Each structure stands twice: as C-alpha cells, then as structure tokens.
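Student: Make a model of this:
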Amino acid sequence: MVPNLFLLIYAVSAYAFSNNSLVYANNKKEIQKASIWIVLISLSLTFDLLTNWVGLLSVFVFTAFLILTTFAKSKKDKMSWYLTWELINVGVALAFTLPLSGWLSSDSYLRPPFVNYLLGLTIASVVFADIFRRVGIIPKDSGDSDGDFERILLFIFIMAGQLWYTLLTIAGMLIYRFLRYKKPSVMWILSPAVGVLFSLFWYLLMNFEWI
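Tutor: Next comes the predicted model:
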C-alpha cells in the first residue's frame with residue numbers, strides 16, 4: 001500500500017477530533033473545532049516535510065482545501081450531499097498521495113506501514129461511528145465511545161493475529177453492555193461485526209501485495 005498520509009490527515013481531523021455529522025448539520029462550534037484540528041493534525045503529521053518546497057506547498061494547499069470543504073459541508077445535511085463531499089475529500093487526498101507516494105515513503109518520518117495502520121484504525125473506530133450516525137443507528141451527537149473502543153481493540157488484535165484476544169473482546173463488550181444498558185440494541189451485533197470484517201479486510205490489504 002502507498003503511504004496514505006493525506007487521507008490519514010483528513011480522516012483524523014474530520015472524524016477523530018470533531019463530529020463530522022454535526023458539521024453537516026451546520027453546528028458553528030463543531031465547524032470551528034474541525035477547522036482548528038485540520039491545521040493542528042496537518043502540522044503534526046507533516047512537520048518534517050515542510051522544509052521542502054514540495055512538502056510545504058502540498059500541505060498548505062491540502063490544508064486550505066480541507067478547511068474550505070468543512071464550511072462547504074455545512075450548507076446541507078442530506079445524505080446525497082454527505083456522500084458527495086466525502087467522496088470528493090477522499091478523491092483529493094488520493095490525488096495528493098499517489099503522485100507523491102515515493103517521496104513520502106523516503107522523506108516522511110512516518111513509515112508507510114505505520115501510516116496505513118493508523119488510517120485503518122481511524123476508519124475502524126471513528127469513521128464507522130460517523131456512518132452509523134448518518135444512517136440513524138446512533139444519535140448525531142453521540143460520541144459512540146463504547147463502539148469506538150470495541151472496534152479499536154478488535155482492529156489491534158486482528159492485525160496482530162490474536163484470535164483469543166479478539167474473542168475475549170467481543171465477549172467482554174457483550175457482558176459490559178448487558179450490565180450497563182440491559183436492553184439489547186442493534187449495535188451489540190453491528191459494532192463487533194463491522195470491527196471484525198473491516199479489520200480482516202485491512203489485514204489482507206496491508207499484508208498481501210496481490211490485492
């Protein structure tokens with residue numbers, strides 16, 4: 001896999017430190033927070049690339065683009081608008097990544113496997129939480145901390161090839177939810193299922209060159 005550094009910047013800044021669904025709902029506080037995190041995450045993940053004019057220009061343009069799209073997102077809250085802007089952001093991130101993949105691999109302090117591991121971890125946890133918000137499975141203002149934590153553990157253990165820890169995580173989270181919430185919900189099944197399936201997919205993606 002190429003080092004998806006720009007996609008990691010977008011995923012972390014838009015999903016991990018702000019509520020992407022509230023940005024679409026035109027929540028002013030969330031829009032401001034998301035814009036600040038875009039700058040902070042961009043700088044923290046690329047500071048060693050800024051001494052080169054290619055890195056400086058690429059990071060500056062991409063960061064500016066993400067801030068602009070954050071404000072553009074807030075114009076509507078329809079699913080079609082959501083899908084359009086998310087695909088645009090992913091496409092632009094890949095457009096920055098692919099031509100620079102060789103340069104990023106050799107010049108970034110973050111090694112490609114680690115970048116892609118962090119990207120997979122981010123998608124498994126907070127990106128899927130936002131998808132659950134969009135389809136109405138959890139409230140838009142929900143942090144989904146239980147589900148995020150569960151999918152993080154599942155991703156870590158599956159990527160490490162730890163079957164028993166994976167099973168213990170699923171069993172432990174079912175017991176925890178029963179003791180805390182009593183009443184079952186679709187998330188009791190959906191969250192671990194998504195966590196396992198996506199983690200297996202990401203494991204294959206990172207470990208088999210022919211995929």
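
Student: Distance from the least confident helix or strand in the chain by mean pLDDT to the middle of the chain?
Tutor: For the chain, using mean pLDDT, DSSP states H and E, the weakest element among its helices and strands is helix 79-107, scoring a mean of 90. Counting by C-alpha atoms, centre = their mean, to the nearest Å, helix 79-107 is centred 13 Å from the centre of its parent chain.

Student: Just name whatever secondary elements it is in contact with.
Tutor: Identification of packing neighbours for helix 79-107 by 3 or more C-beta pairs under 8 Å, 6 or more residues apart in numbering; DSSP states H and E yields helix 5-11, helix 53-73. The way it works is simple: take the backbone N, C-alpha and C, and place the C-beta from them, glycine included.

Student: Counting neighbours, which bits of it end up buried?
Tutor: Tyr82, Trp85, Glu86, Asn89, Val92, Ala93, Phe96, Thr97, Leu100, Ser101, Leu104 (16 or more other C-beta atoms under 10 Å).

Student: pretty sure the first one contacts Ala14?
Tutor: Spelled out, it's Tyr82. No: between Tyr82 and Ala14 there is no contact under C-beta atoms under 8 Å: 11.8 Å.

Student: got the contact list for the residue nearest to Phe65 when sequence neighbours are not counted?
Tutor: Distances taken as C-beta to C-beta, 6 or more residues apart in numbering put Val92 closest to Phe65, at 6.2 Å, once the chain neighbours are dropped. Contact analysis of Val92 by C-beta atoms under 8 Å, 6 or more residues apart in numbering lists Phe6, Phe62, Phe65.

Student: what do you get for Phe132?
Tutor: When contacts are counted by C-beta under 8 Å, 6+ apart, Phe132 touches Ile138, Asp144, Gly147, Met187, Leu190.

Student: and if we set it to 10 Å?
Tutor: Under the criterion of C-beta atoms under 10 Å, 6 or more residues apart in numbering, the neighbours of Phe132 are Ser21, Ile138, Pro139, Ser142, Asp144, Gly147, Val186, Met187, Leu190, Ser191, Val194.

Student: ok, and what's touching stretch 201-211?
Tutor: Where contact means C-beta under 10 Å, 6+ apart, the residues beyond stretch 201-211 that reach it are 1, 112-113, 116-117, 119-121, 123-124, 155, 158-161.

Student: hmm, 6 Å instead?
Tutor: Met1, Asn116, Gly120, Ile158, Met159 (C-beta atoms under 6 Å, 6 or more residues apart in numbering).
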